[in-house]
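A.B. asks: Following is a predicted model, sequence given first.
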Amino acid sequence: MKTTTFLTFVGSQCGKAEEAINFYTSTFPNSGIKSVTKYAEGEAGGTPELIKYGVFTLNGTEYMVSESNYNHQWSFTPAVSLLIIDSSDEVIQTIFEKLSSNGGQIMVPLDNYKGEGDYGFGKKFGWCEDKYGISWQFVLSE
């Protein structure tokens with residue numbers, strides 16, 4: 001059995017999946033695009049410029065992506081996020097800044113707990129949403 005994260009770009013994010021995976025694979029080390037299949041002309045769910053099915057890796061972890069121009073009643077939510085754990089403060093800080101800038105938003109500043117109590121995750125914690133609506137949590141491990 002295998003599990004993987006599948007990101008579906010719909011609504012206002014439809015048409016941005018290819019830009020997003022190019023951004024992600026350039027942001028994370030050891031990453032790349034494995035495959036991209038676009039919709040055929042006249043195929044239900046999309047148009048030839050949209051990704052029907054794609055696979056990419058971020059630091060060796062595989063993700064899948066699709067986009068659809070159907071009128072879905074949902075999109076990405078912070079209730080589900082991608083968790084980044086690393087022992088390098090510089091790596092965590094750099095990726096957090098890249099993902100939270102240029103249209104993204106910081107939901108919990110990446111910080112040493114400053115007396116607010118230890119969340120129990122590590123030395124530092126932060127949470128942001130990128131410009132595509134994907135939610136990311138960051139932990140600086142011991």
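C.D. replies: On my side now, so go ahead. Residues are numbered from 1 along each chain as shown.

A.B. asks: Can you tell me the closest non-neighbouring residue to Trp74?
C.D. replies: Val10 (7.3 Å; Cβ to Cβ, 6 or more residues apart in numbering). C-beta: built from backbone N, CA, C; applies to glycine.

A.B. asks: Thought Ser66 was touching the one you found, still the case?
C.D. replies: No. With contact defined as Cβ atoms under 8 Å, Val10 does not reach Ser66; the gap is 9.1 Å.

A.B. asks: Mind jotting down where the strands sit in this protein?
C.D. replies: With DSSP state E as the criterion, the chain has strands at 5-9, 32-38, 51-58, 61-67, 81-86, 105-112, 124-129, 135-140.

A.B. asks: And the ones you listed, which one averages the lowest pLDDT?
C.D. replies: Averaged per stretch, pLDDT over the strands of the chain is lowest on strand 105-112, reaching a mean of 88.

A.B. asks: in its sheet, what does that one sit against?
C.D. replies: When pairs are called by DSSP bridges, strand 105-112 turns out to pair with strand 124-129 (antiparallel).

A.B. asks: Mind listing what's buried along the partner strand?
C.D. replies: By neighbour count on 16 or more other Cβ atoms under 10 Å, the buried set for strand 124-129 is 124-129.

A.B. asks: how about stretch 36-52: buried residues?
C.D. replies: Buried residues in stretch 36-52 (16+ other Cβ under 10 Å): 38-39, 46, 50-52.

A.B. asks: can you list those residues in a markdown table and add distance to Pro29?
C.D. replies: Shown next, in a markdown table, are these (distance: Cβ to Cβ, whole Å):
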| residue | distance to Pro29 |
| --- | --- |
| Lys38 | 27 |
| Tyr39 | 31 |
| Gly46 | 31 |
| Leu50 | 28 |
| Ile51 | 23 |
| Lys52 | 28 |
